[in-house]
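Asks: show me how the following folds:
(chains A, B, C and D)
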There are 2 protein chains.
Amino acid sequence: MLAANMLHNSNVASLPLCSSCEVRELCFGQGTGQAGLRQLDQAVVRRFWLEPDGLLYCIGDPFKSLYAIRSGCLKSSLRNAAGREQVAGFHIKGDIVGVGGISTRNYIFTLTALERSEICEIHFDRLEELADSNPRVSRNLIEILARYQERGYAVGLLLRERSADLRLAGFLLDFSRRLAARGGDPASFRLPMPRSDLASHLALNASTISKAFARLNRRGIAQVTGRTIKLTNVSGLQAVAANRA
Amino acid sequence: MLAANMLHNSNVASLPLCSSCEVRELCFGQGTGQAGLRQLDQAVVRRFWLEPDGLLYCIGDPFKSLYAIRSGCLKSSLRNAAGREQVAGFHIKGDIVGVGGISTRNYIFTLTALERSEICEIHFDRLEELADSNPRVSRNLIEILARYQERGYAVGLLLRERSADLRLAGFLLDFSRRLAARGGDPASFRLPMPRSDLASHLALNASTISKAFARLNRRGIAQVTGRTIKLTNVSGLQAVAANRA
DNA sequence: CGAACCCTTGAGTCGGTTCAAAGCAGGTGG
DNA sequence: CCACCTGCTTTGAACCGACTCAAGGGTTCG
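Replies: Residues are numbered from 1 along each chain as shown, chains lettered A, B, ... in the order given. Next comes the predicted model:
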């Protein structure tokens, strides 16, 4: 099913330029100067808002564009052979999604908004043409792809940890770090996803997540109420993630 | 620690050219014709053999080169915070390794040979220069990176499967498919790694792997004796991987 | 032949899952 | 403004499967 039709409730945003984009340092124009950013504007098809539960694209859709997330949060997921939904990752401000489609020419996950999110669609053919003529863009593209390859493996490392507490602690530390890298408060934030998605991402059960959060609360490592997270003892959390506590 | 000193037992191989390489279709010169392959030869620093347990590079070593595997098998691994070894992946003929170092400028895993392996070292700076001047090489590099990003996520999907039988079945199918794509027999092959590495890769215990293999034997799905694998009922194996049996 | 390493197999434990029920929030409509 | 509803979250009890620990058998290599 094509997702293009399913952007219900979305609307085209005004077109601020790449040169004024808050997350340009994480995007393809990084370090290309004003001229490069103006070129990059040419590859941007549109910017728009996606409402909660809105679909950016579906697994199997023909690949045409990469998408930069300017704000909000999305999940990438698919159904495994047994029909269970697996959440491959959560994507926030400054992330690029759609990369998995480059080699197969079809998207390999379904992308769903977890909250209202502003999206920048970048036409891949035009980006490649731009990369052909501008080595700096080409190298940015290569570096960004390498970065995401690394992220993919990091998730695998987290999933190889044995206990629920380790995996959850590791996830919180990583999420906190990513927020901090984008100017957020690393010790106080909101998780935009329901427990079920978090559980699916960490290969756990929603009830297990709840119980693990309760343990963190009881031990004074965090104050978790619903989706609001306050990390009150980061080194304690690191100790949990390292199985030292 | 630098791994360069630790290539004990390795020796420089004769220098067959990229144009005659058996796995050139999976490498950076794919589709560039004779001229492109001759250019690629310029980026190849050396070709050599790595003996079993030989180190290609260590985690943290400064990144300088990508490596193409011409034959053999290597594992990428690291120690987690608790000191347990985690095996991120197994790499065979036609794979490129070292990609994780592109963005961080340091290798993010330690690469160890599981059997005698022939390696091709490709200097990344020269490859990038080549990519700057040859869009086809640039696009190959981009496509290869995207392919490995996808692989990283696929491993995550496997690790999210709940039972040992599912994970092992999924691994066997994937390994078999990769061998077949390189001209091997998908139904009869040898696993080059010990049970402990396989277990670490699949987030299981070596004894659990043994028991799962025994179940596959008992059910007539495979004939496993030591590291020799014969898949006698592939659709049955697929059923196990999909939790339908 | 011995040693080292790997693989297999068994008994018991522990932690996560399943199943189920109850609490809690946010949103809607009366 | 409150009652209700729906979906999310929490918590509890019982089960099951993977882990731990340990012993035994096989192979390879010195």
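
Asks: interface residues of chain A facing DNA strand D?
Replies: For chain A, the residues in contact with DNA strand D (CB under 7 Å from any atom of the strand) are A:162, A:194-196, A:206-207, A:209-211, A:213-214, A:224-227. Bear in mind the C-beta positions are built from the backbone N, C-alpha and C, glycine included.

Asks: what are the ranges of the helices in chain A?
Replies: Counting by DSSP state H, residue ranges of the helices within chain A are A:33-43, A:101-104, A:124-133, A:135-160, A:164-181, A:195-201, A:206-218, A:234-241.

Asks: export those as a markdown table, with columns for distance to residue B:59 and mean neighbour count.
Replies: Listed next are the helices of chain A as a markdown table, based on distance: least, CB to CB, whole Å; neighbours: other CB atoms under 10 Å in any protein chain shown:
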| stretch | distance to residue B:59 | mean neighbour count |
| --- | --- | --- |
| helix A:33-43 | 34 | 17 |
| helix A:101-104 | 26 | 20 |
| helix A:124-133 | 30 | 18 |
| helix A:135-160 | 12 | 21 |
| helix A:164-181 | 18 | 19 |
| helix A:195-201 | 25 | 20 |
| helix A:206-218 | 29 | 16 |
| helix A:234-241 | 18 | 18 |
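
Asks: quick one: closest of those to residue B:116.
Replies: When the helices of chain A are compared for distance to residue B:116 using CB to CB, the nearest one is helix A:135-160, at 25.8 Å.

Asks: so that closest one versus helix B:135-159, what angle?
Replies: Compare the direction of helix A:135-160 with that of helix B:135-159 by axes from the mean of the first three to the mean of the last three CA atoms, to 10 degrees and you get 10 degrees.

Asks: off-centre distance for helix A:135-160?
Replies: Shown here is helix A:135-160, whose average C-alpha point lies 12 Å from the average C-alpha point of the whole chain (CA atoms, centre = their mean, to the nearest Å).

Asks: could you do stretch A:49-67 as well?
Replies: On the basis of CA atoms, centre = their mean, the separation between the geometric centre of stretch A:49-67 and that of its chain is 13 Å.

Asks: and what of stretch A:46-58?
Replies: Computed by CA atoms, centre = their mean, the separation of stretch A:46-58 from the middle of its chain amounts to 14 Å.

Asks: residues in contact with the residue most central in space within chain A?
Replies: For chain A, the residue nearest the mean C-alpha position is residue A:91 (1.1 Å; CA atoms, centre = their mean). Residue A:91 makes contact with A:69, A:73, A:74, A:75, A:76, A:97, A:111, according to CB atoms under 8 Å, 6 or more residues apart in numbering or on different chains.

Asks: and it, what are its bridge partners?
Replies: Beta-bridge pairing of residue A:91, defined through DSSP bridges, involves residue A:74.

Asks: in this structure residue A:104 contacts residue B:153, no?
Replies: No: with contact defined as CB atoms under 8 Å, residue A:104 and residue B:153 do not form a contacting pair (11.8 Å).

Asks: so which of the helices of chain A is nearest residue B:82?
Replies: Of all the helices of chain A, it is helix A:164-181 that lies closest to residue B:82, at 8.3 Å by CB to CB.

Asks: elements contacting that closest one?
Replies: For helix A:164-181, the contact count by 3 or more CB pairs under 8 Å, 6 or more residues apart in numbering or on different chains; DSSP states H and E identifies strand A:85-92, helix A:135-160, strand A:188-190, helix A:206-218, strand A:228-231, helix A:234-241 as packing neighbours.

Asks: flag the shaky bits of chain A, pLDDT-wise.
Replies: A:1-16 (pLDDT under 70).

Asks: which residue is it, in it, that comes closest to chain B?
Replies: residue A:152 (2.8 Å; CB to the nearest CB).

Asks: I figured that residue hits residue B:146, correct?
Replies: No: with contacts defined as CB under 8 Å, residue A:152 does not count as touching residue B:146, sitting 11.1 Å away.

Asks: tell me the contacts of the closest residue to residue A:127 other than its chain neighbours?
Replies: Residue nearest to residue A:127 in three dimensions, not counting chain neighbours: residue A:43, with 4.7 Å by CB to CB, 6 or more residues apart in numbering or on different chains. Residue A:43 makes contact with A:28, A:122, A:123, A:126, A:127, A:130, according to CB under 8 Å, 6+ apart.

Asks: ok, residue A:145 next?
Replies: When the contact criterion is CB under 8 Å, 6+ apart, the partners of residue A:145 are A:99, A:102, B:142, B:145, B:146, B:149.

Asks: in JSON lines, list these along with distance to DNA strand C.
Replies: Supplementary listing: these in JSON lines, determined by distance: CB to the nearest atom of the strand, whole Å:
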{"residue": "A:99", "distance to DNA strand C": "28"}
{"residue": "A:102", "distance to DNA strand C": "32"}
{"residue": "B:142", "distance to DNA strand C": "37"}
{"residue": "B:145", "distance to DNA strand C": "32"}
{"residue": "B:146", "distance to DNA strand C": "31"}
{"residue": "B:149", "distance to DNA strand C": "26"}
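
Asks: how many neighbouring residues does the nearest residue to residue A:77 once chain neighbours are set aside have?
Replies: The shortest distance from residue A:77 to any residue that is not its chain neighbour, by CB to CB, 6+ apart, is 4.7 Å, and that residue is residue A:87. By the criterion of other CB atoms under 10 Å in any protein chain shown, residue A:87 has 22 neighbours.

Asks: how close does residue A:87 sit to DNA strand D?
Replies: Relative to DNA strand D, residue A:87 is positioned 13 Å away (CB to the nearest atom of the strand, to the nearest Å).

Asks: go on, residue A:76?
Replies: Taking CB to the nearest atom of the strand as the measure, residue A:76 falls 18 Å from DNA strand D.

Asks: tell me who's in contact with the closest residue in space to that residue that isn't next to it in sequence.
Replies: If you skip the residues right next to it in sequence, residue A:76 has residue A:109 as its closest partner in space, 3.8 Å away by CB to CB, 6+ apart. Residues near residue A:109 by CB under 8 Å, 6+ apart: A:59, A:76, A:77, A:78, A:88, A:100, B:153.

Asks: cutoff 7 Å now
Replies: Counting by CB atoms under 7 Å, 6 or more residues apart in numbering or on different chains, residue A:109 makes contact with A:59, A:76, A:77, A:78, A:88, A:100.

Asks: check the gap between it and residue A:155 for me.
Replies: Residue A:109 sits at a distance of 13 Å from residue A:155 (criterion: CB to CB, to the nearest Å).

Asks: hang on, the earlier thing: most widely separated two among the contacts of residue A:109?
Replies: Using CB to CB, the pair of those lying farthest apart is A:77 and A:100, separated by 12.3 Å.

Asks: keeping just the C-alphas, turn stretch A:26-46 into CSV.
Replies: Listed next in CSV are the C-alpha coordinates belonging to stretch A:26-46 (Å, rounded to 0.1, in the frame of the first residue of the first chain):
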residue,chain,number,x,y,z
LEU,A,26,23.1,16.7,11.1
CYS,A,27,22.0,16.9,7.5
PHE,A,28,23.5,16.6,4.1
GLY,A,29,24.5,20.2,3.7
GLN,A,30,26.7,20.2,6.7
GLY,A,31,29.9,22.2,6.0
THR,A,32,28.9,23.2,2.5
GLY,A,33,28.4,26.8,3.3
GLN,A,34,25.6,29.0,2.0
ALA,A,35,26.1,27.9,-1.6
GLY,A,36,25.8,24.2,-0.7
LEU,A,37,22.7,24.8,1.4
ARG,A,38,21.1,26.7,-1.4
GLN,A,39,21.8,23.7,-3.7
LEU,A,40,20.4,21.4,-1.1
ASP,A,41,17.1,23.4,-1.1
GLN,A,42,16.8,22.2,-4.7
ALA,A,43,16.6,18.6,-3.6
VAL,A,44,14.0,19.2,-1.0
VAL,A,45,10.6,18.3,-2.4
ARG,A,46,8.5,19.6,0.4
